[in-house]
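Engineer: Fold the following, please.
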Amino acid sequence: MRVLLSVYDKTGLDDLAAGLAGLGHELVASGGTAAALAVAGVAHRDVESVTGAPEMLGGRVKTLHPAIHGGILADLDRPEHVADLAALGIEPVGLVVCNLYPFSERPSVELIDVGGPTMLRAAAKNHAHVGVVVDPADYPRVLADLAAHGSLSAGLRRRLAAAAFAHTAAYDAAIANWFAEQEDEEGGKTSLPPVIRLTLGRTRVLRYGENPHQAGGLYAEMGRGGWLGRLRQHGGMELSYLNLYDADAAWRLVHSLAELGPVAAAVVKHANACGAAVAGEAGSAYERAFAADPVSAFGGIVALSAPVDAELAAELVANPRADVLVAPGYSPEALEVFAARRKGMRVLEAPAPDAGADDGSWHLRQLSGGWLVQEPYRFAVPRSQWRVVTTAEPTGQQWDDLELAWRVVAAVKSNAVVVAAGGTALGIGAGQQNRVSAAELAATRAAGRAAGGAAASDAFFPFRDGLDALSAAGVGAVVQPGGSVRDAEVSAAAEEHGIAMVLTGERQFQH
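Structural biologist: Next comes the predicted model:
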């Protein structure tokens, strides 16, 4: 059998090629793949020895030739195809091993592969006679099938063909999206593309969906992925849909807060923080975040922006159980503590979350019959542009707490109000149908700890009642977007209570 090899990702290439050659198959390789086989000492032919035409145009044309594509596309059950091959002296190709340039990693015109997708589509179309492999993870299965049966089973060829079409679809989607993101002929940039092309590949089968009777899985955009696809689970039960949904919320929040201090910690329940803090070291950050609302912390998600050592691990297991722990790393001793005393807790080691607005992605939400699309959540107005609109000015500590509360409230479901003091979000009122209820809930959960602290509201106060509730809890400074027809009335209430009022000019709803 003739095997055509042309791969950018050369993972496992040497073993595959040696295995194929050992089974007596003829190897034909192009460009860099041929060079790699030569270094490995695996016998092969160059593509140009088959086509009779050298590579040209700086490598843009290598495999685009009837001697290659006739061999791939021939339906060997059709006598006229067999006759065409015989007349032209073309050998059938039984297996194509190919993967494409890493366009998503380094988008440019020169990384738009032409010959590779053409070979893959041809082989996948003719999967009744040709095997096609795009993923090095499939190499052992292919070698085992060939060794056992001399050919690939029909079922495996179909599965490999499906993977090949998914590979080229993701590649084409990445290229099309890149073009859509480029400046148009008039020099402007399209804010919302007319078409968004997504190809999602399953990266993990989950324990279940939102409820145990629902199946669930994690899918990532092929060629891009995200931090959830790169996490490492050290221990605990299988992950469920809500474990990952909440872990994503916690991980993004803790990295946002880490911009404000050395270490950040967050405890999240149902995608909303129930405690968050910044401190000089991980133990203090966690202790403060947990103490904000110990009752809600039971069964929640704990996220830390610094590695976990044995001392912090001991503190974690002494507190009510967390379902998930996410951190950038763990000491061996910490993992031993969790293995002995928190066997069910999912212990996740994760890279930093993706940049979102900086990586060209869009925030998509499914609804009946379509999708809502927007730019990812971000802070558009820096603290330097916030305006104090009262006689009272925030103190230095209040400024820090205002920014902490503002970042936390931006990650909490609307309507939301957050109370913070001393670097800790102490009271979080989330998901209320009116703003005064959110303020009252935040004040209640602060439980007398808000005196002299700060509060943030994710949208303007439509009436003064929300501000009155915060004043009653002892809050000394409030940050909010402003923009209400009653801004003057609300500011007057702040003056009356001696509260420093700061306007961001930016709403931070999250539904």
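
Engineer: ok, and A493, which helix or strand is that part of?
Structural biologist: Secondary structure assignment for A493, by DSSP states H and E: helix 487-497.

Engineer: Please list the residues outside that helix that contact it.
Structural biologist: Counting by C-beta atoms under 8 Å, 6 or more residues apart in numbering, the neighbours of helix 487-497 from elsewhere in the structure are 389-392, 460-461, 463-464, 467-468, 471, 478, 484, 499-501. Using the backbone N, CA and C atoms, a C-beta is placed for each residue, glycine as well.

Engineer: Identify the farthest-apart pair in those.
Structural biologist: When C-beta to C-beta is used, the two most widely separated members of the contacts of helix 487-497 are T391 and F463, lying 21.6 Å apart.

Engineer: Neighbour count for the two, which is higher?
Structural biologist: When T391 is set against F463 and neighbours are counted by other C-beta atoms under 10 Å, the residue ahead is F463, at 15 against 10.

Engineer: Pop out the phi and psi values for that one.
Structural biologist: The main-chain torsion angles of F463 are listed as degrees, to the nearest 10 and equal phi -140, psi 170.

Engineer: can you check N415 too?
Structural biologist: With angles defined as degrees, to the nearest 10, N415 sits at phi -70, psi 140.

Engineer: domain parsing for this structure?
Structural biologist: Each domain of the chain is listed here as a residue range: 2-178, 230-349, 383-503, per automatic domain parsing.

Engineer: on that earlier part again, listing partners with orientation, what would you give for the helix or strand that comes right after the helix holding A493?
Structural biologist: From helix 487-497 onward toward the C-terminus, using DSSP H and E, the following helix or strand is strand 500-503. Strand 500-503 has the following sheet partners, assigned by DSSP bridges: strand 387-388 (antiparallel), strand 477-480 (parallel).

Engineer: Identify whichever of those strands lies nearest to D401.
Structural biologist: D401 sits nearest to strand 477-480 of all the strands paired with strand 500-503, at 7.4 Å, using C-beta to C-beta.

Engineer: what is the rounded mean pLDDT of that closest one?
Structural biologist: Taken as a whole, strand 477-480 has an average pLDDT of 97.

Engineer: Check what contacts it and list those residues.
Structural biologist: Residues outside strand 477-480 that contact it (C-beta under 8 Å, 6+ apart) are 386, 392, 394-395, 398-399, 401-403, 405-406, 453-457, 459-461, 467, 470, 494, 499-504.

Engineer: buried sites along that strand?
Structural biologist: With burial defined by 16 or more other C-beta atoms under 10 Å, the residues of strand 477-480 counted as buried are 477-480.

Engineer: cool, stretch 22-30 as well?
Structural biologist: Going by neighbour count (16+ other C-beta under 10 Å), the buried part of stretch 22-30 is 26-30.

Engineer: now stretch 325-344
Structural biologist: If you call a residue buried by 16+ other C-beta under 10 Å, then stretch 325-344 has these buried ones: 325-327, 330, 334-335, 337-338, 342.

Engineer: Quick one: residues in contact with that stretch.
Structural biologist: For stretch 325-344, contacts defined as C-beta under 8 Å, 6+ apart pick out 231, 234-237, 247, 250-251, 254, 301-310, 312-314, 316-317, 321-322, 345-352.

Engineer: what's the answer for stretch 397-406, then?
Structural biologist: When contacts are taken as C-beta under 8 Å, 6+ apart, the neighbours of stretch 397-406 outside the stretch itself are 257, 260, 276, 278, 383, 394, 418-425, 452-456, 476-479, 500, 502, 504, 508.

Engineer: Could you give the average pLDDT over that stretch?
Structural biologist: Over the span of stretch 397-406, the pLDDT mean works out to 96.

Engineer: Adding distance to A86, write the buried residues of strand 477-480 out as a markdown table.
Structural biologist: Formatted as a markdown table, the buried residues of strand 477-480 follow (distance: C-beta to C-beta, whole Å):
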| residue | distance to A86 |
| --- | --- |
| A477 | 86 |
| V478 | 84 |
| V479 | 80 |
| Q480 | 80 |
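
Engineer: nearest to T51, of those residues?
Structural biologist: Lowest distance from T51 to these (C-beta to C-beta) belongs to V479, with 68.1 Å.

Engineer: Now do the contacts for the most centrally placed residue in the chain.
Structural biologist: In the chain, the C-alpha nearest the mean C-alpha coordinate belongs to G226, at 2.4 Å (C-alpha atoms, centre = their mean). Taking C-beta under 8 Å, 6+ apart as the contact definition, G226 lies against 220, 353-354.

Engineer: Equivalent analysis for A285, please.
Structural biologist: For A285, the contacting residues are 261, 263-265, 277-279, 304-306, taking C-beta under 8 Å, 6+ apart as the criterion.

Engineer: SS state for it?
Structural biologist: Here A285 is helix, with the state taken from DSSP: H, G, I helix; E, B strand; the rest coil.

Engineer: The one 4 residues further on too?
Structural biologist: Secondary structure assignment for A289 (three-state DSSP): helix.

Engineer: Please renumber the chain so that the first residue is 180 from this point on.
Structural biologist: With the count now opening at 180, the last piece we talked about shows up as A468.

Engineer: Need the strands paired with strand 679-682 in a markdown table (columns: distance to F469).
Structural biologist: Compiled in a markdown table, those are given as follows (distance: least, C-beta to C-beta, whole Å):
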| stretch | distance to F469 |
| --- | --- |
| strand 566-567 | 33 |
| strand 656-659 | 25 |
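
Engineer: just so I know, which of those lies nearest G268?
Structural biologist: Distance to G268, taken as C-beta to C-beta, is lowest for strand 656-659 among the strands paired with strand 679-682, at 77.7 Å.

Engineer: So what sits opposite V526 in the bridge?
Structural biologist: Partner residues in beta bridges with V526, using DSSP bridges, are G414, L504.

Engineer: Hmm, it is touching G415, no?
Structural biologist: Yes: proximity of V526 to G415 meets the contact threshold set by C-beta atoms under 8 Å, at 5.6 Å.

Engineer: neighbour count winner among these two?
Structural biologist: The residue with more neighbours, out of V526 and G415 and counting by other C-beta under 10 Å, is V526; that gives 23 against 20.

Engineer: Local confidence estimate at D363?
Structural biologist: 49.

Engineer: Then V446?
Structural biologist: pLDDT, the model's per-residue confidence, is 96 for V446.

Engineer: from the contacts of strand 656-659, which ones fall inside strands?
Structural biologist: In this view, these that belong to strands under DSSP state E are 633-636, 679-682.

Engineer: Who wins on neighbours among these?
Structural biologist: Within the ones in strands among the contacts of strand 656-659, neighbour counts (other C-beta under 10 Å) peak at A634, which reaches 34 neighbours.

Engineer: what residues are up against it?
Structural biologist: A634 makes contact with 584, 596-599, 618, 621, 649, 654, 656-658, according to C-beta under 8 Å, 6+ apart.

Engineer: Looking at those residues, spot the one nearest L299.
Structural biologist: Distance to L299 across the contacts of A634 (C-beta to C-beta) is lowest for V597, with 51.1 Å.

Engineer: Let me see the contact set for the closest one.
Structural biologist: With the criterion set at C-beta under 8 Å, 6+ apart, V597 makes contact with 584, 587-588, 591, 604, 606-608, 621, 634-635.
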